[in-house]
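1. Output the structure for:
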Amino acid sequence: MRPEYRRLVGLLGAITVTGAIVAYSAVSYLAAKSFVFGGSIVLVSALFLAWRLQRGSRNKCAGAEWHLRQAYRTAFERFVWVAAMLAVGFTLLALDPLWMLAGFLGGQAAWLAAPVWMRVENVK
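-> Just a heads-up that it's a prediction; the model follows:
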């Protein structure tokens, strides 16, 4: 795995654990469990994206059509993964929707801010 993805996974894990501790101390065990589930959705999604990127970089003789097809396939699979896991959390596990979405959105915000943060770190 590339170093930037290792840092991203570490950041997502730290945010998930910190948020769960805050949710547990401020609200309840169910809130912490919901936050961890929401953060884990983003974490697994990021790991899946890193795996696909590594798989695509090994296939150097593939053309642009193959790479574009893989990009669309990855985006679709990640969308289905997130929708399915949110549905599982809402219905089957009966988690607290507010805290599950808080974990998910916190992880997504970190996932979106990580490239900017890494670029600032590399400029120093």
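2. what residue lies at the spatial centre of this structure?
-> Among the residues of the chain, the one closest to the centroid is Val42, at 2.1 Å (C-alpha atoms, centre = their mean).
3. how about the residue of the chain positioned farthest from its centre, secondary structure?
-> When distances to the mean C-alpha position of the chain are computed (C-alpha atoms, centre = their mean), the maximum falls on Cys61, with 29.4 Å. Classification of Cys61 by DSSP: H, G, I helix; E, B strand; the rest coil places it in coil.
4. Packing partners of the longest helix seen in the chain?
-> Among all segments of the chain classified by DSSP state H, the helix with the greatest residue count is helix 29-58. Helices and strands touching helix 29-58, by 3 or more C-beta pairs under 8 Å, 6 or more residues apart in numbering; DSSP states H and E, are helix 3-26, helix 64-87, helix 97-123. Backbone N, C-alpha and C define where each C-beta goes, glycine included.
5. report the angle between the axes of that helix and helix 3-26?
-> 170 degrees (axes from the mean of the first three to the mean of the last three C-alpha atoms, to 10 degrees).
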